[in-house]
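Engineer: Show me the folded form of this:
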Amino acid sequence: MRRMFAHMRRHGSGLRKPTAGAVRAVQAARSTLSLTSLALTCAFWMTAAALVCGPQPLHAAEGELVAAFAPTELVLDPVHSYKTQELQLATAIYEGLVTYHPVSLKPMPALARTWEISDDGRVYRFVLRENGRYSNGDAVTAEDVRRSWLRILDPADQGEYSFLLDVIKGAGDYRTGRMRDPSVVGIRAVSDTVLEVELAEPAGHFLSMLCHMAFVPVYPGYQGRSGWDRTASIVGNGPFVMESRGPNEMILVKNPYYWDRDRVALERIRVLFIDDPLEITRRINSREIDWADDGDTGSLEDTDMIQLDLLFGTSYLFFRCGSAPWSDPRIRKGLALVLPLEELRQQFAPFGTDTLVPALFSYPEVEGLADGDEERGMALLAEAGYPNGRGLPGLVIKVPTGSGAENTARLLSSTWQEKLSVRVKIQTYPYDRYLEELENDDYTMGSTTWIGDFADPLAFLQIWTSGSNLNEAGYDSAEYDLRIEKAMAEPRQERYASLAEAEAFLLGEAVVIPLSHPPSFNLIDLDRVGGWYSNLMDIHPFKYMRFKVRRPPPDAASVD
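Structural biologist: As a prediction, this is how the structure comes out:
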């Protein structure tokens, strides 16, 4: 996704996830500070009555939540957004037919107040809310949704997530230019408030997929325009609207036309873009920032603010396998097996993994690339015509600057150059440029972290199909495509079994070398901020956030 991802969501360069040592240090710090915190709390309640409600934030705006994210070049056009920060901001600005439940991530009614599914599972009929409005007061119609989805599919627009809509009848043909008439696509605006979608085959993941920001309606006035998402204000249909925007700060205010505005507690959101973890933590300590996705745990005064949670994400290496000789699975697997895979993953302990899909569902266990096997790796290289790697072109590994992937790349380089007759070059790029570099075809291996865009194993497996816009590996396997296509039409448990077989096939082809399932990391005072919930995708809709009222004990004012 890219990466959201995820989410396809990708972590931005400013997002530094904790190592296993940091996790243990945090746990130890929590234990050590528990009694101290209790003593400080008791002393606190013995202060003057004016202070009993706890430390107040230095930002004075009533109902204003301040969040700090890593700086990055934001793309807020849903058709082309893919970074974690963009997905989080989209929960404020836009709303699709359905939305993520803030805890379970199951699809909930949003712009669509209800829907019906035909008995054969092929036709979805969505009924939109009559009071669904954009932030300028215009009504959101079923035709707006239809046009927005057709724009995603338009070959001229190259929407990153367009391939996900291939489950819709005719969508794949229209997206790839085989058919130019949009009427072949099974998306029909029956009326202003009724949208009918006809699938090519039943797809149990369809509703979950529609939670993704790519499928929100875009204001009709933006059709045919470019650059509108970089302006100081964007017309959207979400619970908030952008009031101002600069390189270091964005202000969002409550959307007065939002259909569910009475349940939106926050009046304003101030988003700061800060790249310095020490600065973020200093401002969290002084209550200037309420929530951050980065920070320096060593200087944090209240370690209870650290939220470490399971994440539906995987860090991995991938081969660029669209051209010879890297298109040969024997060469990819031979190179992979020569590596000390256990040592490679040890640096990510306790989060190391040899599988791609996180085992967080009733998903079968998959045999992954667990251990290296130098003898087998050498045999595969010789079988492919490159004994000891002789004759292979130089390997180029691309990684983002300042990331843990640099250490991984160095280990790969030293191992291959020590054991094989090959040359290895490591190229590093700032994160935003790195994403662009991955689109080129001038490297052998890349590194990324992928967070599932919707709560289903397909979020990790469909991206490697030959028709996927996000298939940066350039992997093209008719057998893999058929496995995914077969799974998509099956009932859930059978589908999971088929997807597990597809994952085993993908790993057996050594397209991907999984490294770890990293945790999510956030700093937030949950005693002060409500409506922020831990979940597997690390996505936290702003709609539900609120400030909790801290009440003093009944006898607080009478304490001497």
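
Engineer: So Asp138 versus Leu150, what's the distance?
Structural biologist: Asp138 sits 19 Å away from Leu150, taking CB to CB, to the nearest Å as the criterion. Just so you know, the C-beta spots here come from the backbone N, C-alpha and C atoms, and that holds for glycine as well.

Engineer: Have a look at the two and say which one is more surrounded.
Structural biologist: Leu150 (18 against 15; other CB atoms under 10 Å).

Engineer: residue contacts, the residue lying closest to that one once chain neighbours are set aside?
Structural biologist: Once flanking residues are discounted, Leu150 sits nearest to Pro182: 5.1 Å by CB to CB, 6 or more residues apart in numbering. For Pro182, the contact set (CB atoms under 8 Å, 6 or more residues apart in numbering) comprises 150, 153, 174.

Engineer: run the last query once more with 10 Å
Structural biologist: Going by CB atoms under 10 Å, 6 or more residues apart in numbering, Pro182 touches 146-147, 149-151, 153-154, 170-171, 174.

Engineer: Show me how the record splits this structure into domains.
Structural biologist: 1-86+238-306+523-560, 98-222, 313-516 (automatic domain parsing).

Engineer: start to end distance for the longest one?
Structural biologist: To tie it back to what came earlier, the one meant is domain 313-516. From its first residue to its last, domain 313-516 covers 9 Å (CA to CA, to the nearest Å).

Engineer: again with stretch 133-149
Structural biologist: End-to-end distance (CA to CA), stretch 133-149: 18 Å.

Engineer: Name the residues of that stretch that come out as buried.
Structural biologist: By neighbour count on 16 or more other CB atoms under 10 Å, the buried set for stretch 133-149 is 133-135, 139-149.

Engineer: For this structure, give me the ranges with low pLDDT.
Structural biologist: 1-62, 361, 550-560 (pLDDT under 70).

Engineer: What segments of the stretch 301-450 of the chain are helices?
Structural biologist: Ranges of helices in the stretch 301-450 of the chain, per DSSP state H, counting those that start in this stretch, are 329-338, 341-346, 374-383, 405-419, 431-437.

Engineer: deepest of these, which one?
Structural biologist: Mean neighbour count, computed with mean count of other CB atoms under 10 Å, is highest for helix 329-338 among those, reaching a mean of 23.

Engineer: what's that one packed up against?
Structural biologist: Contact partners of helix 329-338 among helices and strands, from 3 or more CB pairs under 10 Å, 6 or more residues apart in numbering; DSSP states H and E: strand 313-319, helix 374-383, helix 405-419, strand 445-451, helix 492-508, strand 512-516.

Engineer: could you give the angle of that helix to strand 512-516?
Structural biologist: 30 degrees (axes from the mean of the first three to the mean of the last three CA atoms, to 10 degrees).

Engineer: How far off centre is helix 329-338?
Structural biologist: With CA atoms, centre = their mean, to the nearest Å as the basis, helix 329-338 stands 29 Å off its chain's centre.

Engineer: angle of it against helix 492-508?
Structural biologist: Using the same axes, to 10 degrees: helix 329-338 against helix 492-508 is 80 degrees.

Engineer: and Leu523, that's in a strand?
Structural biologist: Yes - secondary structure of Leu523 (DSSP: H, G, I helix; E, B strand; the rest coil): part of a strand.

Engineer: Between the contacts of Pro182, which sits nearest Val194?
Structural biologist: Closest approach to Val194 among the contacts of Pro182 (CB to CB): Arg146, at 11.0 Å.

Engineer: Enumerate every residue touching the closest one.
Structural biologist: Listed by CB under 10 Å, 6+ apart, the contact set of Arg146 reads 182, 185, 187-189, 195-197, 217.

Engineer: ok but it is inside a strand, no?
Structural biologist: No - counting by three-state DSSP, Arg146 is located in no strand; its state is helix.

Engineer: How much space separates it from Ala189?
Structural biologist: Noted for Arg146: a distance of 5 Å to Ala189, by CB to CB.

Engineer: cool, and Tyr443?
Structural biologist: Counting by CB to CB, the gap from Tyr443 to Ala189 is 44 Å.

Engineer: now swap in Thr449 and tell me
Structural biologist: 38 Å.

Engineer: where do the strands sit along the stretch 151-300 of the chain?
Structural biologist: 187-191, 194-198, 240-245, 249-254, 268-273, 291-292 (DSSP state E, counting those that start in this stretch).

Engineer: want to try TSV for these, with distance to Gln347 as columns?
Structural biologist: Putting the strands of the stretch 151-300 of the chain into TSV (distance: least, CB to CB, whole Å) gives the following:
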stretch	distance to Gln347
strand 187-191	47
strand 194-198	45
strand 240-245	39
strand 249-254	35
strand 268-273	29
strand 291-292	25
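
Engineer: Quickly compare the ones you listed and say which is most buried.
Structural biologist: strand 291-292 comes out most buried of the strands of the stretch 151-300 of the chain by mean count of other CB under 10 Å, with a mean of 24.

Engineer: and that one, how far out from the chain's middle?
Structural biologist: 17 Å.

Engineer: Same question for stretch 471-486.
Structural biologist: Relative to its parent chain, stretch 471-486 has a centroid offset of 22 Å by CA atoms, centre = their mean.

Engineer: right, and Val399 touches Leu411 too?
Structural biologist: No - Val399 is not in contact with Leu411 according to CB atoms under 10 Å; the separation is 11.7 Å.

Engineer: Adding distance to Trp228 as columns, could you present the domains of the chain in CSV?
Structural biologist: What follows is these, written out as CSV (distance: least, CB to CB, whole Å):
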stretch, distance to Trp228
domain 1-86+238-306+523-560, 7
domain 98-222, 5
domain 313-516, 20
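
Engineer: To Arg230, which of those lies closest?
Structural biologist: Between Arg230 and the domains of the chain, the tightest spacing by CB to CB is seen for domain 1-86+238-306+523-560, at 7.7 Å.

Engineer: quick revisit: with distance to Gly204 as added columns, please give the helices of the stretch 301-450 of the chain in TSV.
Structural biologist: Shown next, in TSV, are the helices of the stretch 301-450 of the chain (distance: least, CB to CB, whole Å):
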stretch	distance to Gly204
helix 329-338	30
helix 341-346	32
helix 374-383	37
helix 405-419	34
helix 431-437	31
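
Engineer: Quick one: closest of the helices and strands packed on helix 329-338 to Arg263.
Structural biologist: Of all the helices and strands packed on helix 329-338, strand 445-451 comes closest under CB to CB, at 27.4 Å.

Engineer: What is the subsequent helix or strand relative to the closest one?
Structural biologist: helix 458-461 (DSSP states H and E).

Engineer: Skip the chain neighbours and tell me the closest residue to Pro202.
Structural biologist: Gly121 (3.3 Å).

Engineer: residues contacting that neighbour?
Structural biologist: 199, 201-204, 206, 489, 491.

Engineer: So what would you say the end-to-end distance of stretch 102-116 is?
Structural biologist: Per CA to CA, the first residue of stretch 102-116 is 23 Å away from its last.

Engineer: Over to stretch 196-209?
Structural biologist: OK, stretch 196-209 end separation, CA to CA: 16 Å.

Engineer: How many residues are close by the nearest residue to Ala359 once chain neighbours are set aside?
Structural biologist: Leaving aside its chain neighbours, Ala359 sits nearest to Glu365 (7.0 Å; criterion: CB to CB, 6+ apart). Neighbourhood size, Glu365 [other CB under 10 Å]: 9.
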